[in-house]
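Novice: Next come a sequence and a model predicted from it.
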Amino acid sequence: MSEPQDPENSTQRLPTVEQGRDGGVIAMDQSSSGSSYEPAAGSGRQGGRAGRFWAQRRVPAVLVALVVLGGAGILLYDIAAVRAGHPAMQWRRTVADDLASRHLDDVWVLAGSALAAALGLWLLLLALTPGLRGLLPMRREHEGVRAGLDRKAAALVLRDRAVEVSGVQSVRVRMKRRKATVRALSHFRELDDVRADLDTVLGRAVHDLGLSREPGLSVRVRRPAKKG
């Protein structure tokens, strides 16, 4: 009869079986151990919560400004020339005649409309989203002071803490805005013991990062692949 497992701290056992010369089983070894949990409600909010940093997006703003300025300038010049008694520019007459002769279901009309709609949605997305996904906001300990931590730097801190655990051979850390995924190789000690130590050390390290919203933590430990 198997014991119930805690879904917040589950352990997956993948046994490897070795056979002796007489065909009997002589050893069983655990090859993988993992756990995943989310921070407790309200954790990581001491000192106030800070929102994400907004990107300035200078390049899209400059490009849009140049296109609008150039188009408006040419159109105003042509309108002023027509008011002064000069003929309209050839491009405007060609565009007007072409639009007058094309139907709404024309391929070029549909393609141009789709392109304009896509550009408009892209500009709206840039205007409504903060960007800077690689910068994690930190807790605001002092009024008027905001700080952020690069995701790569946060992953490097967690990796350095993880390799200090006894039995850990190598570590890979993937840091996201809401979750840190840790994959470790252990060449000695029981995998459950190594994973438990990693849970403790990395949980403390995540809190020490001082992030406004502490990410969840997923830890998995396994044996290195056998050569030959």
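Specialist: On my side now, so go ahead. Computed from a predicted structure; not experimentally measured.

Novice: what's A84 sitting at in phi/psi?
Specialist: For A84, the backbone dihedrals (degrees, to the nearest 10) come out as phi -80, psi 0.

Novice: quick one, what contacts the residue most central in space within the chain?
Specialist: The centroid of the chain falls nearest to K176 when counting by C-alpha atoms, centre = their mean (4.9 Å). Under the criterion of C-beta atoms under 8 Å, 6 or more residues apart in numbering, the neighbours of K176 are R151, P215. Bear in mind the C-beta positions are built from the backbone N, C-alpha and C, glycine included.

Novice: Distance of it relative to L149?
Specialist: 13 Å (C-beta to C-beta, to the nearest Å).

Novice: Domain map for this protein?
Specialist: 30-52+135-222, 58-128 (automatic domain parsing).

Novice: mind checking the SS state of L121?
Specialist: Under DSSP: H, G, I helix; E, B strand; the rest coil, L121 falls in the helix class.

Novice: burial count for it?
Specialist: L121 has 10 neighbours, counted by other C-beta atoms under 10 Å.

Novice: what do you get for T200?
Specialist: Here the number of neighbours of T200 (other C-beta under 10 Å) works out to 11.

Novice: Helix or strand for it, just tell me which one.
Specialist: helix 191-208 (DSSP states H and E).

Novice: For the chain, give me the ranges with low pLDDT.
Specialist: Along the chain, segments meeting pLDDT under 70 span 1-31, 37, 40-50, 227-228.

Novice: ok, which stretches of it are helices?
Specialist: 58-83, 90-101, 107-128, 151-163, 191-208 (DSSP state H).

Novice: Give me the contact list for the shortest one.
Specialist: Surrounding helix 90-101, the residues in contact under the criterion C-beta under 8 Å, 6+ apart are D78.

Novice: Tell me the residue in the protein that is farthest from the middle.
Specialist: Distance-from-mean max, the chain, by C-alpha atoms, centre = their mean: G85 at 58.4 Å.

Novice: tell me the phi and psi of it?
Specialist: Per degrees, to the nearest 10, the backbone of G85 is at phi 100, psi 0.

Novice: how about it, what does it touch?
Specialist: If a contact means C-beta under 8 Å, 6+ apart, then G85 has no contacts.

Novice: distance of it from V219?
Specialist: 79 Å.

Novice: What of V194?
Specialist: Noted for V194: a distance of 9 Å to V219, by C-beta to C-beta.

Novice: Identify the contacts common to these two.
Specialist: Common neighbours of V194 and V219 (C-beta under 8 Å, 6+ apart) are A184.

Novice: about what we covered before: any chance of the helices of the chain in a markdown table, plus distance to L135?
Specialist: Shown next, in a markdown table, are the helices of the chain (distance: least, C-beta to C-beta, whole Å):
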| stretch | distance to L135 |
| --- | --- |
| helix 58-83 | 16 |
| helix 90-101 | 44 |
| helix 107-128 | 17 |
| helix 151-163 | 7 |
| helix 191-208 | 17 |
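
Novice: Which among these is found nearest to R140?
Specialist: When the helices of the chain are compared by C-beta to C-beta, helix 191-208 sits nearest R140, at 16.1 Å.
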